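Chemist: okay, structure incoming, though there's no sequence with it:
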């Protein structure tokens, strides 16, 4: 509902918006670091120069207490309600593996398993085979298990025993049950339509044919002599940036997962030459004239958080700050620096904590804080803003929203 | 939903609530004024005395990033959700023109235009005729184009080529298409029902008859020899203050638009003798015993913001402050000073920025701030409160809400 209001108010403009996402940016005061967060401890002269004339925000990615995965975290930033916009696990897995998903495709997480002579699953992870073994087995399947009826099955190996399967063909449904007993000592169940209908029944039929064929092709590849598949989901049809916001959007991200979510939003995808902020900014510069909205993704902050490495997270933040002048030189009308979620160093993983954000434009409220970090953000103009409402604020700052009502 | 809860808890009381609205009060730190907002720069000794024992708020009028018109801005303050409570453009225009709207009335914005011999609109604004010409033409129509079937058409001239038309009669619908080609070089299209049904079809039929009759009556009045009408809308049926809140509400506003919105809420309307806060307060004093809720509207802050006149906005705020002792002498149990939206001086127009509010009562949380302005409000008790939820807070402070549940 609230987004219908925003969309109904969108007016064209030539202004440019930059959304610079430091993945997992938010953190906690760290007792070993004098109670500072990485953002607080980092030396960030360029952000510091920007901060006094910026509005600070503390974004709530999903709901209070909810720790978002990368999918929901980015969907929120992109203006989709991550509670009602469901992107299936299989789709996220396929996007994360860098697989293209076309409309109508159905994606699934899959993995190799061990099956005994009577069809009982004795090891759901096939003895945790090595990644290179997985790659060879997937190559074998790609020769002999890729066509069922008029459906193509596209496979991509993952880490260890894992791989991704994408079903491509006419009339497939996304709501089919798992071909996975979810415990050892049972046979692989036949898939069935979770919602009645020919499309879901066709998907179930193809899955069963695929699982059966894998058993035949790999019959001599013990312990990896079978496959399980789960989390079937169809590529969702999200309204695109062009239609919702009249924005020509560019997504610049080194990792496929983030390009994948951006692709769902209809952004044009660009792979920078490296993982650093400077690389992403160089790509933004090259695309500056042809786009109005730039999503730049930096992964390093999240990885450092996951590793529990305070110094590494500080270093990534400082490298982003060092690259910032090149971005500001492009003279964006609106710049927002934020994260998709928090990945606090002490927790070594994603968390539910709100995410700091900085919003700068000619007409933002100048909150007047000296530095951009979690503590100051609590008292900023947009303390408690839902991530899904950020786009409305950025569009407003860009002069791209008309007045509501007379 | 939340308002159903509030309404279910309302209990009678003899307490009095004052809602003092300085239109467009919210502003931005102004670089030319040492980074101060007008509210911050103004000398306001009486507000300053009130502030330490007040709760401060920063109200969100509609949604993050959404710039409200005056209608949605006031609907929010009055406790209606401005997203779901849609008041049509024609209705607001009629209310703004000071026209009475009865239940069943359908209002429209209209204007004179130029039509050539073949019925093509050659100038949608009839050469921007002067207001006195418009008044004469409307008077001419009032003699010969006011009755179609059993429907009366009530007209009121506006500025330049503009006028307002209200259709009054049985069985009219508010969802009819515009009798306006929206560009030159085309004929005036026939109106049609936007939602099927006899009521909307009747409205469309009356509109077409009116437009045809205007062409006949004004055939010798080139360049104003035709009329266009658009934004048809029916007077909405909002639940009234008496029924929702058990409040006898008085609206005191010099400008008809604001009295109009208050009338939709079922308030009793009073026109003060002047535009200043002192005039409104004098009217409140006269009505003090007969009412429990007083909406006082001061327009000057918005006008100064629209003009980009920092000094003028400061002066209006200071004049309100000077009048405040007369209001406080009435000993309201709850006083709230706020705005319907922000009209920042640097932007010379309405904006999306949250609006500062001060709430004072015997039981408010004393936030302890020294002054009432946008910056302190960010850290106040109600930072981020939706305008539509303000009424619940005021009723609570007035001891007019029962406990929820056991």
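Modeler: Right, received. Where do you want to start? Every value quoted in this text rests on a predicted model; they were computed, and no experiment measured them. Numbering: from 1, shown residues only, chains lettered A, B, ... in the order given.

Chemist: list the contacts of the residue of the stretch 101-250 of chain A found nearest chain B.
Modeler: In the stretch 101-250 of chain A, no residue comes nearer to chain B than residue A:245, which is 11.4 Å away by C-beta to the nearest C-beta. In this view, the C-beta of every residue, glycine as well, is placed from N, C-alpha and C. By C-beta atoms under 8 Å, 6 or more residues apart in numbering or on different chains, the contact set of residue A:245 is A:7, A:10, A:79, A:293, A:391, A:395, A:400.

Chemist: could those residues go into JSON lines alongside pLDDT?
Modeler: Putting those into JSON lines (pLDDT from 0 to 100) gives the following:
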{"residue": "A:7", "pLDDT": "95"}
{"residue": "A:10", "pLDDT": "97"}
{"residue": "A:79", "pLDDT": "97"}
{"residue": "A:293", "pLDDT": "98"}
{"residue": "A:391", "pLDDT": "98"}
{"residue": "A:395", "pLDDT": "98"}
{"residue": "A:400", "pLDDT": "98"}
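
Chemist: from the residues you listed, pick the one nearest residue B:37.
Modeler: residue A:395 (23.6 Å; C-beta to C-beta).

Chemist: what lies in contact with stretch A:374-385?
Modeler: Stretch A:374-385 has contacts (C-beta under 8 Å, 6+ apart) with A:26-29, A:37, A:39-40, A:51, A:55-60, A:354, A:356-357, A:359, A:364-365, A:367, A:369-370, A:393, B:64, B:353-354, B:378-379, B:383-384.

Chemist: how about a cut-off of 6 Å?
Modeler: Here stretch A:374-385 makes contact (C-beta atoms under 6 Å, 6 or more residues apart in numbering or on different chains) with A:37, A:55-59, A:356, A:365, A:367, A:369, B:64, B:378-379, B:384.

Chemist: residues of that stretch that come out buried?
Modeler: By 16 or more other C-beta atoms under 10 Å in any protein chain shown, the buried positions in stretch A:374-385 come out as A:374, A:375, A:376, A:377, A:378, A:380, A:381, A:382, A:383, A:385.

Chemist: against chain B, how distant is the second one?
Modeler: Separation of residue A:375 from chain B (C-beta to the nearest C-beta, to the nearest Å): 13 Å.

Chemist: what's the answer for the third one, then?
Modeler: If you measure residue A:376 against chain B using C-beta to the nearest C-beta, the figure is 11 Å.

Chemist: what sits closest to whichever residue of the stretch 251-400 of chain A sits closest to chain B if chain neighbours are left out?
Modeler: The stretch 251-400 of chain A approaches chain B most closely through residue A:392 (3.2 Å), counting by C-beta to the nearest C-beta. Nearest residue to residue A:392, sequence neighbours excluded (C-beta to C-beta, 6 or more residues apart in numbering or on different chains): residue B:65, at 3.2 Å.

Chemist: secondary structure element for the one you found?
Modeler: Per DSSP states H and E, residue B:65 falls between elements, in no helix or strand.

Chemist: and it, what does it touch?
Modeler: Residue B:65 sits next to A:392, A:393, A:396, B:352 when contact means C-beta under 6 Å, 6+ apart.

Chemist: make it 8 Å
Modeler: Residues counted as contacts of residue B:65 (C-beta under 8 Å, 6+ apart) are A:6, A:389, A:391, A:392, A:393, A:394, A:395, A:396, A:397, A:401, B:352.

Chemist: now do the closest residue in space to the fifth one that isn't next to it in sequence, the pLDDT please.
Modeler: Think residue A:393. The shortest distance from residue A:393 to any non-neighbouring residue, by C-beta to C-beta, 6+ apart, is to residue B:65 (4.3 Å). Residue B:65 carries a pLDDT value of 97.

Chemist: likewise residue A:2?
Modeler: With respect to pLDDT, residue A:2 scores 54.

Chemist: tell me what residue A:227 is bridged to.
Modeler: residue A:112 (DSSP bridges).

Chemist: need the contact list for it.
Modeler: Counting by C-beta under 8 Å, 6+ apart, residue A:227 touches A:110, A:111, A:112, A:113, A:210, A:211, A:214, A:215, A:218.

Chemist: now the host helix or strand of the residue of the stretch 251-400 of chain A closest to chain B: buried residues?
Modeler: Assigned by DSSP H and E, residue A:392 belongs to helix A:390-397. Within helix A:390-397, the residues scored as buried using 16+ other C-beta under 10 Å are A:390, A:391, A:392, A:393, A:394, A:395, A:396, A:397.

Chemist: identify the residue spatially nearest to the second one, adjacent ones excluded.
Modeler: The shortest distance from residue A:391 to any residue that is not its chain neighbour, by C-beta to C-beta, 6+ apart, is 3.4 Å, and that residue is residue A:79.

Chemist: strands of the stretch 151-300 of chain A, start to end?
Modeler: A:151-157, A:162-168, A:186-187, A:226-234, A:249-253, A:268-270, A:293-298 (DSSP state E, counting those that start in this stretch).

Chemist: which of these sits most buried?
Modeler: Highest mean neighbour count among the strands of the stretch 151-300 of chain A (mean count of other C-beta atoms under 10 Å in any protein chain shown): strand A:293-298, with a mean of 29.

Chemist: quick revisit: so how far is the helix holding residue A:392 off the chain centroid?
Modeler: Remark: helix A:390-397 is offset 21 Å from the chain centroid, using C-alpha atoms, centre = their mean, to the nearest Å.

Chemist: and for it, what's in contact with it?
Modeler: Under C-beta under 8 Å, 6+ apart, the answer for helix A:390-397 is A:2-3, A:6, A:10, A:17, A:19, A:57, A:59, A:76-79, A:245, A:333-334, A:336, A:338, A:357, A:359, A:361, A:363-364, A:382, A:385, A:401, B:63-67, B:351-352.

Chemist: before we move on, what about stretch A:143-155?
Modeler: Applying C-beta under 8 Å, 6+ apart, the external contacts of stretch A:143-155 come out as A:99, A:110, A:138, A:141-142, A:163-170, A:172, A:202, A:205-206, A:209-210, A:213-214, A:217.
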